[in-house]
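# Here is a sequence with its predicted model. Questions after.
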There are 2 protein chains.
Amino acid sequence: MLTATHNQILRAIGASGPVTRTELVARTGLSKAAMSGLTRELIEAGLVHETDTVGGQGRPSAMLDMRPEGAYFIGVSMLTDPAIVALADLKGNIVARLTMPRDTDPERFAQDLGKVVPKLLEMVPAAREHLNGIGVALSGLIDQAQETCIESTLLGWKDVPLARLVHKAVGLPTYIENDAKALALSEKLFGSARDMQNFTVVSLGDGIGCAHFIRDQLHRGAHGGAGEIAHSTIEPNGLPCRCGKVGCLDTIASVYAQLALANDQGIEAKTLSDIETAATRGSAQAIALLHRAGNALGLAIANVIQINDPEMVLITHQEPAFSGLFATVVKQAIENNVLPRLSGRTPIRSQKLSDDVWARGAAGIATHNFLLGFN
Amino acid sequence: MLTATHNQILRAIGASGPVTRTELVARTGLSKAAMSGLTRELIEAGLVHETDTVGGQGRPSAMLDMRPEGAYFIGVSMLTDPAIVALADLKGNIVARLTMPRDTDPERFAQDLGKVVPKLLEMVPAAREHLNGIGVALSGLIDQAQETCIESTLLGWKDVPLARLVHKAVGLPTYIENDAKALALSEKLFGSARDMQNFTVVSLGDGIGCAHFIRDQLHRGAHGGAGEIAHSTIEPNGLPCRCGKVGCLDTIASVYAQLALANDQGIEAKTLSDIETAATRGSAQAIALLHRAGNALGLAIANVIQINDPEMVLITHQEPAFSGLFATVVKQAIENNVLPRLSGRTPIRSQKLSDDVWARGAAGIATHNFLLGFN
DNA sequence: ACACTAAGTACAGTAGGTGAACTATTCAAG
DNA sequence: CTTGAATAGTTCACCTACTGTACTTAGTGT
C-alpha cells in the first residue's frame, strides 16, 4: 500500500519527467534518507524505474521515471457515439481500445461497460493485475466527488450517480469528470502542462470547453461549473443560445456556430479551414465572420486571464493547425483585452487534439486520483 | 513553537467559531487522543480558550475559541493618505490605531513605520510580547511571496521590495498584499466567509477590486493579477481607460466613474445615493446611467461566476446600503448572464465597508500567514 | 594512483501521531 | 436517590514515518 508520501513522490516524478533522487529531495523537502527508502519501495512496487544515469563530477545520478507498465487505467469517453473505451498505462499510452454503443440509459451503459472491460483486458493480459481505476469523461456538470452527473444536456441526464453504477458493474474505483476538465488533466499528467501548477485549457471544438488547474489541482467550483465560458455573454444583444440566454460565446465562436453562420451566408464550409480559405480568397463575409468569432473567443480568454491570471493558457483545436486569420484575431483580441501590464506575460499555447485525447483524458481522471491516493 | 497540526487546528477553530474538541476531531481527521494534547498546548500558549460548556446527554462539551489576546498583528493601510496603522488582536478587533503620512518613497515610509509601531505598542503594552507580524495593504500587483510590489499606479511603484524594507525597519515578519485580496482575507478570517473554502469578494469603491479564495487559500495568480476585473472589457467600443485599454468595467461602474458620468450629464452627485435620488425623481439620464453601470458590474460578476463557480459572491460597498436601482440592476444582470442551470445557486451577498475594514484586512494578511505557520 | 566530489544507503533515534482503556459529567428511568 | 446509558475528554503504551549522521558507491581531474 502507498502512503501519502509515496504519492507525493509519484506526483513529483510525474510532473518533472525523469528526475534524480537528489532533485526529488529538493522538490519535496524530504530527507535523502527518506527518499532512498521510499523510491526503493516505489521501484519494488513496479511503479517507478531507473531509466538512465547521468554523470558530472561525483557519483552519477540515476534518473527515475514512471514505469508505464506499473499501473493501468481504463478511460471511457462518452463524447462520441459509439463511446470509446481505452486501456492506458501510467504514462498515458493507449495500449488497447474498443468502442461500445453510447446507451443513454445509465444502468444499461454501466452493464455494457461491465462486459467490454474484460474484452479489453484480454488484449493486454499483463494489465489485469495492475488495473487501478476507471474514469469516464462526459459533457455536463459533475459533482465534487466525481460520482454524480448533476446535469448533461447531451445525454439528457440529471443527477445520475454514474460512478456508483459503473463501480457496481466493473468493480473498480470509478470517477467521472467533465470533458474539458478531463482534457486539462490529460495535459497536466501527460502533456505540455506537466510542470505547471496554475493553467487554463480552452478546448475549441463543436462546443467550447474550459477548465482550470489551480495550485496543482483541478478547480471544479461549488457546483462543478467552473470553466463554463461557453455560455458567458459576449454580445449582450446577440443570438439566442440553446442554454436559454443570449449572445453566449458558444453562439459565435464554437466550430458548430461558425460553420452554421458561414453556411447561412452562402459560404460552403465543412471545417474551419474552408472558411479560412474563403477569407483568403477575399470573401468579405468570411473575413467578418472570422473576426467576429476570433474577437469573441479572445475576449472570453482575456476575461479568464484577468480573473485568474494563469501561468499559461492552452487552446486545443481539431484543425491541423491553429493559424490563419481566426487564430491571429484570437491572439490579438486577447492582447487587446488584457491589462497592458499583464498582457504578453501569459503564454498562449495551442495544440491539435489527437484522436486518442479524450480517451486518454478519461483514463487520466483515474490516474489523477491514483496519484492523489484516492483508492 | 507551533507545528503544522497546531496551525491546522487553529484554522479550524478560526473558521468554525467556538467549537468542541469532538467537532474538531471530525473536521481535521485527527484522533481524539491527539486533539486532547494539541488543544491543551494551544490553551497553554494562550492562543485558544474555553468559552462555554454546552450539555446534552452525556458529559457537556467545552467550546474552544480563539483567545483574542493570544496574538496581535499590525495592519497598515496605504489606501488613504494619511496611511492608517492599526493594532489588531487574534479575532480582528482593532485595539489601537494611529495615522502617518503616506510617503511614497518606500525607504522613508518603512523608516517612518519603524517609529510609529513603538508608539502603537505603548497604547496596548500587553500586545508587545505577543506581536506576531505586520501586514501592509496597498493597491497594485503584489508577487506570490507577498514581498514585492510589482507595480502600483497609485503609489508610482515598480518592483519595490517593500516587505524587506519594512522588516528591516520594524523587525517583524512582514507581508504585503493587494487591497482587494486583503479585504477577502478579512472576510475569511473575521467576516461572513469564515466557513467557506471558495468565494469571491468584489469591492465597489472609487475603483473596483476583486479577489478569490480557492480551496481555503487566496488565489494570487501567476503575476499577482488574479481578480483584476476592473479592467476587463465590458464595452468593446467604450470609453478609454487610464489603463490604456477601452471600455473597462472601471470606466463605467466604479463610484468614481459613475459620479463623473453623472456630473457630465448635469446631475449633481457627490455619492451614488445622489444619483439614486435623481433616478427616483424621474431623471432619465440618472436611470440610464445606473442601468448601464449596473449591467456592466453584473456582467463582470457573471463572468466570474461562470469561470470560477464560487460558493458565494460578496459585494462590498461604501454607501449605507446596497439597494436601489443600481443594486437591483446588478443582481438582475448577474441572473441574466449566468447559465440558467447555475443561476440562483450562487448567493450574492452585500456588505457595507466599515471604516476599519482596510486596516483590519491589512492586519489579516499577517494573521493569515500566522495561521498558515509562516513565521 | 590518488584525491575530490556528489549520489545514494544504513541505522539508530525521535516526533507526532494512533487505539484502546480509562475517567468525567451529564440526563433519564426506576 | 441510585443506577445505567450516553457523550466528552484524558492517559498511556505503542508504532510509523521521518530525520541526522556516518557511511558506501561511483564517477571525474590531475
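Looks like it arrived, so ask away. Nothing here was measured: the structure is a model prediction, and the numbers come from that model. Numbers count the residues shown, from 1 in each chain, chains lettered A, B, ... in the order given.
# Now do the same contact list for the closest residue to A:Leu372 other than its chain neighbours.
The spatially closest residue to A:Leu372, leaving aside those adjacent along the chain, is A:Asn7, at 6.4 Å (CB to CB, 6 or more residues apart in numbering or on different chains). No exception for glycine: its C-beta is placed from N, CA and C like everyone else's. Residues in contact with A:Asn7, defined by CB atoms under 8 Å, 6 or more residues apart in numbering or on different chains, are A:371-373.
# 10 Å instead, please
For A:Asn7, the contacting residues are A:42, A:370-374, taking CB atoms under 10 Å, 6 or more residues apart in numbering or on different chains as the criterion.
# How about A:Ile142?
Contacts of A:Ile142 were listed using CB under 10 Å, 6+ apart, and they are A:136, A:148-152, A:162-163, A:175-179, A:181-182, A:220, A:223-225, A:365.
# Filter the residues you listed to keep only those in contact with chain B.
A:150-151, A:220, A:223-225 (CB under 10 Å from any CB of the partner chain).
# so how far is B:Ala110 from the residue of the stretch 101-250 of chain A found nearest DNA strand D?
Per CB to the nearest atom of the strand, A:Asp216 is where the stretch 101-250 of chain A lies closest to DNA strand D, at 18.0 Å. When distances are taken as CB to CB, to the nearest Å, A:Asp216 and B:Ala110 turn out to be 35 Å apart.
# Of these two, which one has the most company?
Taking other CB atoms under 10 Å in any protein chain shown, A:Asp216 and B:Ala110 do not tie; B:Ala110 has more neighbours (21 against 12).
# my read: that one touches B:Leu165, true?
Yes - when contacts are counted by CB atoms under 10 Å, B:Ala110 is listed as touching B:Leu165 (3.9 Å).
# Common neighbours of these two, please.
Taking CB under 10 Å, 6+ apart as the contact definition, B:Ala110 and B:Leu165 share the neighbouring residues B:Thr174.
# rewinding a little: can I get the contacts of A:Asn7 in JSON lines with neighbour count and pLDDT?
As requested, those are exported to JSON lines (neighbours: other CB atoms under 10 Å in any protein chain shown; pLDDT from 0 to 100):
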{"residue": "A:Leu42", "neighbour count": "22", "pLDDT": "97"}
{"residue": "A:Phe370", "neighbour count": "23", "pLDDT": "96"}
{"residue": "A:Leu371", "neighbour count": "23", "pLDDT": "96"}
{"residue": "A:Leu372", "neighbour count": "15", "pLDDT": "94"}
{"residue": "A:Gly373", "neighbour count": "16", "pLDDT": "91"}
{"residue": "A:Phe374", "neighbour count": "13", "pLDDT": "84"}
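# Which members of the residues you listed occur in helices, if any?
Among the contacts of A:Asn7, the members found in helices (DSSP state H) are A:42, A:370-372.
# in the stretch 101-250 of chain A, what residue is nearest DNA strand C?
Per CB to the nearest atom of the strand, the residue of the stretch 101-250 of chain A with the smallest distance to DNA strand C is A:Asp195, at 19.2 Å.
# Kindly reformat the contacts of A:Asn7 as TSV containing distance to DNA strand C.
Supplementary listing: these in TSV, determined by distance: CB to the nearest atom of the strand, whole Å:
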residue	distance to DNA strand C
A:Leu42	11
A:Phe370	23
A:Leu371	22
A:Leu372	19
A:Gly373	16
A:Phe374	18
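# Switch those over to a markdown table; also include distance to A:Ala33.
Formatted as a markdown table, the entries for the contacts of A:Asn7 read as follows, by distance: CB to CB, whole Å:
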| residue | distance to A:Ala33 |
| --- | --- |
| A:Leu42 | 15 |
| A:Phe370 | 26 |
| A:Leu371 | 24 |
| A:Leu372 | 25 |
| A:Gly373 | 22 |
| A:Phe374 | 28 |
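# May I have the phi/psi pair for the closest residue in space to A:Lys119 that isn't next to it in sequence?
Distances taken as CB to CB, 6+ apart put A:Leu98 closest to A:Lys119, at 6.2 Å, once the chain neighbours are dropped. A:Leu98 adopts backbone torsions of phi -140, psi 170, taken as degrees, to the nearest 10.
# what helix or strand does A:Cys210 sit in?
Element membership for A:Cys210 (DSSP states H and E) is strand A:208-214.
# what about that strand, average pLDDT?
The pLDDT scores in strand A:208-214 average 97.
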